[in-house]
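>>> next one to model:
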Amino acid sequence: MESNRQRKVAQIIQEDFAELFRKQASDSRQSILVTVSDVKVTADLGIAKIYLSIFPQEHRKAVMKEIEENKASYRNFIGQKMAKQVRVIPNLNFYLDTTLDDVEKLDRELRGEGDNPIL
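I've put the predicted structure just below:
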């Protein structure tokens, strides 16, 4: 069960990273869309799990690698945004969210367009 404090911190992190990734995408010449689909914060507010959806699919590995390499600067960024609201800035763990891909694959399977033919 998530506390109100956890939800509030998660929402702040999600909004700030969504804005950051939007700005990075507009500054970049590539057409890559990075969305923050969910943020989960541990009870002690020490770790934030950030779930990202990245489109197009062929850029996912490169973008995730770049995000992992810049994790310290992202923590610094979020630290500046949340400095007055929390005592400890959470460690950031980024995960690729493939929920939409799974839904699309399941939908194709149900229509008989996947590996499983309609019987």
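>>> backbone phi and psi for the residue positioned nearest the centre of the chain, please?
In the chain, the centroid-proximal residue (Cα atoms, centre = their mean) is residue 52; its distance is 2.5 Å. Main-chain torsions, residue 52, degrees, to the nearest 10: phi -120, psi 140.
>>> touching, it and residue 96? I think so.
Yes - here residue 52 lies in contact with residue 96, judged by Cβ atoms under 8 Å, at a distance of 6.2 Å. Heads up, the C-betas are built off the backbone N, CA and C, glycines and all.
>>> can you list residues touching both of those two?
residue 64 (Cβ atoms under 8 Å, 6 or more residues apart in numbering).
>>> circling back to that earlier point, so what's the residue nearest to the centre of the chain up against?
21, 34-37, 64, 67, 94-97.
>>> okay, it: pLDDT?
If you check residue 52, the pLDDT there is 95.
>>> would you list every one of the strands in this protein?
Under the criterion DSSP state E, strands of the chain are mapped to 33-41, 47-55, 91-96.
>>> redo those strands as JSON lines? Include distance to residue 12.
Below are these laid out as JSON lines (distance: least, Cβ to Cβ, whole Å):
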{"stretch": "strand 33-41", "distance to residue 12": "9"}
{"stretch": "strand 47-55", "distance to residue 12": "10"}
{"stretch": "strand 91-96", "distance to residue 12": "13"}
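>>> of these, which is nearest residue 25?
strand 33-41 (6.4 Å; Cβ to Cβ).
>>> quick one: that closest one to strand 47-55, angle?
Here strand 33-41 points in a direction 160 degrees away from that of strand 47-55 (axes from the mean of the first three to the mean of the last three Cα atoms, to 10 degrees).
>>> could you give me the average pLDDT of strand 33-41?
Strand 33-41 comes out at a mean pLDDT of 94.
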